[in-house]
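1. Predicted model follows, preceded by the sequence.
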Amino acid sequence: MSETRKTIENVPCTFCGCLCDDLIIEIEDGQIVKNTNGCAISKEKLLGCNENRLLQPLINGSPVSLDDAIQHVAEIIASSRRLLIYGLSSTENDAHREAYKIAELVRGVVDNTSSVCHGPTILGVQSSGEPNAMLAEVRNRSDLIIYWGSNPAAAHPRHIPRYIKKEGEYIKDPKEDREIWLVDIRRTTTARMVNKFIQINPASDLEVLLTLRALVRGHVLDVDEVGGLKIDQLKEMAEHMKSAKYGTLFFGLGLTQSRGSHRNIDAAIRLIQDLSAHTKWTMMPMRGHYNVAGANKTSTWMTGYPYAVDYARGYPRYQPGEYTAVDILANGEADALLNIASDPVAHFPIDAVEHIKKIPVINIDPKINMTSKLAEVNIPSAIAGIECDGAATRMDGLPIYLKKVIDPPEGILPDREILRMIYNSLMKVLKK
Amino acid sequence: MNKVGVKVTLVSGRTLMQGKTMEKGKTSQEYFEAVSYCEIDATTLKALGIEAGDPIQIETQLGTVVVRSKLNKNLTPGIAFIPCGPYFNALIGSYTGQTGMPIYKNIEATIFPAPEEKIPTIDEITGDK
């Protein structure tokens, strides 16, 4: 073996909310050459970490020094009246703190990507509670798992193999002792991995959830069918759910992004509460970005609110639908965008993107993405969890320490350092 | 002559290739191929009189886009799927109903055959500044 080859074990993967912390990473000559245990996406992320990189700060496409880029960013932010700071979910917690400090300093708005993923989950939780569990608890105890509006085979490839199809303390043989259902409007690749696929009509989640609630509570319903399911089938589902020893509902964007939105989540939480009158049930959102759960937590620690925070009055205010990124862009309010570790141009509706084109954009990201192509200033950063350490929060709320396994390209700093430099530069420009 | 199309409920979501190629790089050819298609069922394909892989035009109340058709034998007739990304986003609006979340799923759309149309590049979809 080469002298420069080394192996690092128990490395967390910084792709999805599973934050799988069992990767074995082999490094040769300062480059990652092997990723054992990672899923297909994890392998691409780690082995391809040098692909498509931005290696030099740019102003309007021309290379500049980092100091000049920071100075230009400070001038843009200082002259803006309604700065939107967005992203954060694909970087580590310390970077978040620096972003909130900038928002407070310039009385801007700070939002994270949960506003277009599980933001409605937070609204549902705020109105009905959070019957949460840890993934290890689910693996050790859960004998009935339901995925609802979620396709883990595509978005969280190791969720089922690592937590559901593995034995646990009280689930000795997962094939025999654990049942997995999938509720969705289309037969996805996850359907091949479950015991039962239950297809419901598009946008009927709320009706099906409320029907299950009524049936669990023992009501007799004078209908034959709800959401494409026969009432007898729904009764059977309700009885089976009541007879589980420990049930878990994992839900995805099929609930949050369709009609009903936070009301779907509210209904799901109430269903779990009703089931818990009979047996033990918990639920968990299938968080997408590896640290979107962390962004909600750090935002709550620092500002008091999980996302959609406005500092215009000098103190934080919270209003999803008004201070959320899509709204503030589509309403034409934001006059500058500081984007950190996300790609709104790739993922926002086209009219929100149209507004991004009209305002100065500062983009901090390790790679060239669609937002960087529209940005006035691009500052490349180190990839958290590969080229710098930090902390992130798994989908169940467990904080996990991220490891630095290789050095970043020369001159490239972590997001937190770049944001700190912007803050310090702003202090000078604003003479504070 | 009026255009004849097929009405569908359009949904978006993640795919393994969308995730992999997003990590590879959003300017890569692989990412373009992973997000610029629409999965439809065999009945819809037949009704449109096209072969899988032919270009199709998708229209909603709020936008229109040309993508590649792809057969998904597991889809129920009446449902179509586009991986999340800029092509799907060209079809939706920004109204969030005071939740912050636009409606990314279950959009009413009509699919038309578009044999003469070229599938736009991602830059053409998002446009230059």
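-> Ah, there it is. What you see is a predicted model; the values in this text were computed from it and never measured.
2. and stretch A:106-123, how far apart are its ends?
-> 27 Å (C-alpha to C-alpha, to the nearest Å).
3. which residue ranges form the strands in chain B?
-> Per DSSP state E, chain B carries strands over the ranges B:6-13, B:37-40, B:55-59, B:64-71, B:79-83, B:107-113.
4. and of those, who's closest to chain A?
-> strand B:6-13 (4.6 Å; C-beta to the nearest C-beta). Where you see a C-beta, it was placed from the backbone N, CA and C, and this is true even at glycine.
5. what comes into contact with the closest one?
-> A:151, A:154-155, A:185-186, A:188, A:202-203, A:253-254, A:258, B:38, B:40, B:44, B:47-48, B:58, B:60, B:78-85, B:88, B:91, B:104-111 (C-beta atoms under 8 Å, 6 or more residues apart in numbering or on different chains).
6. rewinding a little: and the strands of chain B as a markdown table, adding mean neighbour count, mean pLDDT and distance to A:Asn52?
-> Shown next, in a markdown table, are the strands of chain B (neighbours: other C-beta atoms under 10 Å in any protein chain shown; pLDDT from 0 to 100; distance: least, C-beta to C-beta, whole Å):
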| stretch | mean neighbour count | mean pLDDT | distance to A:Asn52 |
| --- | --- | --- | --- |
| strand B:6-13 | 22 | 97 | 23 |
| strand B:37-40 | 24 | 98 | 22 |
| strand B:55-59 | 21 | 98 | 27 |
| strand B:64-71 | 19 | 98 | 23 |
| strand B:79-83 | 25 | 98 | 19 |
| strand B:107-113 | 20 | 97 | 30 |
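7. now the ones you listed in TSV, with distance to A:Val125?
-> Formatted as TSV, those follow (distance: least, C-beta to C-beta, whole Å):
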stretch	distance to A:Val125
strand B:6-13	23
strand B:37-40	33
strand B:55-59	35
strand B:64-71	35
strand B:79-83	28
strand B:107-113	26
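8. Where does the stretch 51-200 of chain A get nearest to chain B, residue-wise?
-> Residue nearest to chain B within the stretch 51-200 of chain A (C-beta to the nearest C-beta): A:Asn52, separated by 2.9 Å.
9. Compute the number of surrounding residues for that residue.
-> 17 (other C-beta atoms under 10 Å in any protein chain shown).
10. who does the biggest helix by length in chain B touch, helix- and strand-wise?
-> The residue-count maximum for a helix in chain B (DSSP state H) belongs to helix B:16-24. When contacts are defined as 3 or more C-beta pairs under 8 Å, 6 or more residues apart in numbering or on different chains; DSSP states H and E, helix B:16-24 packs onto helix A:40-47, helix A:152-155, helix B:29-35.
11. Need the winner for burial among the ones you listed.
-> Compared across the helices and strands packed on helix B:16-24, helix A:152-155 shows the largest average neighbour count, a mean of 24 (mean count of other C-beta atoms under 10 Å in any protein chain shown).
12. Let me see the mean pLDDT of that one.
-> Here helix A:152-155 scores 97 as its mean pLDDT.
13. What lies in contact with the next helix-or-strand element following that helix?
-> Counting by DSSP states H and E, the next helix or strand C-terminal to helix A:152-155 is helix A:159. Under the contact criterion C-beta under 8 Å, 6+ apart, helix A:159 has outside partners A:18, A:152, A:250, A:286.
14. let's go with 10 Å and repeat that
-> For helix A:159, contacts defined as C-beta atoms under 10 Å, 6 or more residues apart in numbering or on different chains pick out A:16-18, A:20, A:39, A:135, A:147, A:150, A:152-153, A:165, A:190, A:193, A:250, A:286, A:395.
15. who wins for neighbours among those?
-> Counting neighbours by other C-beta under 10 Å, A:Tyr147 comes out on top of the contacts of helix A:159 with 30 neighbours.
16. Quick check: phi and psi on that one?
-> phi -100, psi 130 (degrees, to the nearest 10).
17. Could you list everything it pairs with in the sheet?
-> Beta-bridge partners for A:Tyr147, by DSSP bridges, are A:Leu182, A:Phe250.
18. what's the pLDDT at it?
-> pLDDT, read off for A:Tyr147, is 98.
19. for it, what are its contacts?
-> Each residue near A:Tyr147 by C-beta under 10 Å, 6+ apart is listed here: A:153, A:156, A:159-160, A:164, A:180-184, A:188, A:190-191, A:193-194, A:197, A:248-252, A:254, A:286.
20. follow-up on the earlier one: which one of the strands of chain B lies closest to A:Lys43?
-> strand B:79-83 (19.6 Å; C-beta to C-beta).
21. what's that closest one packed up against?
-> strand B:6-13, helix B:16-24, helix B:29-35, strand B:37-40, strand B:55-59, strand B:64-71, helix B:86-89, strand B:107-113 (3 or more C-beta pairs under 10 Å, 6 or more residues apart in numbering or on different chains; DSSP states H and E).
22. pLDDT-wise, which helix or strand of chain B ranks last?
-> Least confident helix or strand of chain B, by mean pLDDT, DSSP states H and E, is helix B:122-126 with a mean of 87.
23. surely A:His240 meets A:Asn195?
-> No - contact criterion C-beta atoms under 10 Å: A:His240 and A:Asn195 do not qualify, at 11.1 Å.
24. joint contacts of those two?
-> Shared contacts of A:His240 and A:Asn195 (C-beta under 10 Å, 6+ apart): A:144, A:179, A:181.
25. circling back to that earlier point, distance to A:Cys117 for the helices and strands packed on strand B:79-83 - can I get that in TSV?
-> Formatted as TSV, these follow (distance: least, C-beta to C-beta, whole Å):
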stretch	distance to A:Cys117
strand B:6-13	12
helix B:16-24	14
helix B:29-35	17
strand B:37-40	22
strand B:55-59	23
strand B:64-71	22
helix B:86-89	14
strand B:107-113	18
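26. Nearest to A:Ala312, out of those?
-> The closest of these to A:Ala312 is helix B:86-89. By C-beta to C-beta, the value is 28.0 Å.
27. Which secondary structure elements does the closest one sit against?
-> The contact analysis (3+ C-beta pairs under 10 Å, 6+ apart) places helix B:86-89 against helix A:344-347, helix A:350-358, strand B:6-13, helix B:29-35, strand B:37-40, strand B:64-71, strand B:79-83, helix B:122-126.
28. If we use 6 Å, what do you get?
-> helix B:122-126 (3 or more C-beta pairs under 6 Å, 6 or more residues apart in numbering or on different chains; DSSP states H and E).
29. Please list the residues of chain B that sit near chain A.
-> Applying C-beta under 6 Å from any C-beta of the partner chain, we find that chain B lies next to chain A at B:9, B:14-16, B:19-20, B:23-27, B:74-75, B:79, B:86, B:89-90, B:92-94, B:96, B:98-102, B:104-106, B:126, B:129.
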